[in-house]
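Q: Let's see this in three dimensions:
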Amino acid sequence: MSVVSTLRREIGANWKTLALHGLIFALLFQVLMLIALMVRFQTLPNYVTFYNWIGNVLWVIQSTPSFSDMWPIIREEWLIEIGWMNYEYGNGLSVWSLNVIPSRLVVLFILGAMLSLAWLLMRSDECSLAAGRTFRATTGLGAVLVAMTNVTLSWVVCCAAPTWVVGLAMLGLGVSTSLALETMGPTLSISGFSLLVAMILILAWRKSRPMKQMNGVSAHA
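A: Modelled structure (predicted):
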């Protein structure tokens, strides 16, 4: 059985589970980011704003002639904003917020589904303890890189830009240093996905080997 056949069989048999895990991962990630904000600033959110995402996307499509310019704008359109507003400044100043962005939810959904697939393949893989740890560590590193670069937090200190580097600044990294790392986001995200794809392919190959060996034994018999 080939690697492609193994993957097709695993995905076909478990696609509902993969989709469910992807959805849970994307939603749980938003909850964890909100909890991290509340713990970091020791305050509860005091406002929630819902945006007309579909209407905004249609407006961007109609008003942007170039598709190369259209996609980056759509990718950053917000769906929900949850945060803490300081009303000591006129109409209020958003000090911190979590921005739920559909394009990032899609990425996190795919990440969750890939992690679920990798876990299914590892569970059925009879590898050594050392190899299993290596697979888990590499898969975890890939997941961290992708998840980290899809954090959508805003902080007034970082010019209120919803970006993954805001999370680094909140963890204690210098604001100027964090903002300087922002351009590395796509590279880190692609690297994370590449590690996950590599692990899934290796695990699928390992799972397909016993089948080939068994088929070879049967043929000789």
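Q: For this structure, just list every one of the strands.
A: Secondary structure of the chain (DSSP state E): strands located at 47-50, 80-86, 93-100, 153-155.
Q: Among these, show me which one is buried the most.
A: strand 153-155 (a mean of 23; mean count of other C-beta atoms under 10 Å). In this view, the C-beta of every residue, glycine as well, is placed from N, C-alpha and C.
Q: can you list contacts of that strand?
A: Strand 153-155 is contacted from outside by 33, 37, 83, 94-99, 160-163, 166-167, 169-170, using C-beta atoms under 8 Å, 6 or more residues apart in numbering.
Q: run the last query once more with 10 Å
A: 33-34, 36-37, 40-41, 81, 83, 94-99, 160-167, 169-170, 175, 178 (C-beta atoms under 10 Å, 6 or more residues apart in numbering).
Q: What is the lowest-mean-pLDDT helix or strand in the chain packed up against?
A: Taking mean pLDDT, DSSP states H and E as the measure, the helix or strand of the chain with the lowest value is helix 175-180, at a mean of 72. Other helices and strands packing on helix 175-180, by 3 or more C-beta pairs under 10 Å, 6 or more residues apart in numbering; DSSP states H and E, are helix 164-170.
Q: Give the other helices and strands that the helix it packs on contacts.
A: Against helix 164-170 (3+ C-beta pairs under 10 Å, 6+ apart) you get helix 3-41, strand 93-100, helix 129-148, strand 153-155, helix 175-180, helix 185-220.
Q: got any ranges where the protein has weak pLDDT?
A: Where the chain drops to pLDDT under 70, the residues are 1, 124-131, 159-162, 175, 210-221.
Q: residues contacting the closest residue to residue 83 other than its chain neighbours?
A: Excluding the flanking residues, the one nearest residue 83 by C-beta to C-beta, 6 or more residues apart in numbering is residue 97, at 2.7 Å. Contacts for residue 97 (C-beta under 10 Å, 6+ apart) come out as 34, 37, 45, 47-49, 78, 80-85, 152-156, 160, 162, 166.
Q: so residue 170 makes contact with residue 38?
A: No - using C-beta atoms under 10 Å, residue 170 is not in contact with residue 38, being 11.8 Å away.
Q: Neighbour count: the two, which is higher?
A: Ranked by neighbour count (other C-beta atoms under 10 Å), residue 170 and residue 38 place residue 170 first, with 20 against 15.
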